[in-house]
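S.K.: This is the structure alone, sequence omitted:
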């Protein structure tokens, strides 16, 4: 990782950890509180997408693996969106 992008890489790790943590926390809740955690997970997934795209554009990460991760991340966001909508 190029030195200028280390802090961005740290943010990637935090956002990536936030997604499953908030999904799990939401599963243990009910009503609006459940949906709140799923919305936080969705927001973290969007943040992660942006960070990965910035790292990809900078040439700081492996292009093939990052594109694979972005594809999977898109599926996670779609899943979360459905979960949020159904409550």
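M.R.: Perfect, I can see it now. Quick caveat: nothing in here was measured; it's all calculated off a predicted structure.

S.K.: Burial check on residue 45, number of neighbours?
M.R.: The local packing of residue 45 (other CB atoms under 10 Å) involves 23 other residues. Bear in mind the C-beta positions are built from the backbone N, C-alpha and C, glycine included.

S.K.: same thing with residue 72?
M.R.: The number of residues near residue 72, taken as other CB under 10 Å, comes to 10.

S.K.: any idea which element it lies in?
M.R.: If you go by DSSP states H and E, residue 72 is part of helix 63-86.

S.K.: What residues sit buried inside that helix?
M.R.: By 16 or more other CB atoms under 10 Å, the buried positions in helix 63-86 come out as 66, 69, 73, 76, 77, 80, 83, 84.

S.K.: try stretch 42-50
M.R.: 42, 43, 44, 45, 47, 48, 49.

S.K.: And stretch 27-35, by the same measure?
M.R.: Neighbour count says stretch 27-35 has 34, 35 buried, by 16+ other CB under 10 Å.

S.K.: and the most centrally placed residue in the chain, what pLDDT?
M.R.: Note on the chain: the residue nearest the mean C-alpha position is residue 45, at 2.2 Å, using CA atoms, centre = their mean. If you check residue 45, the pLDDT there is 98.
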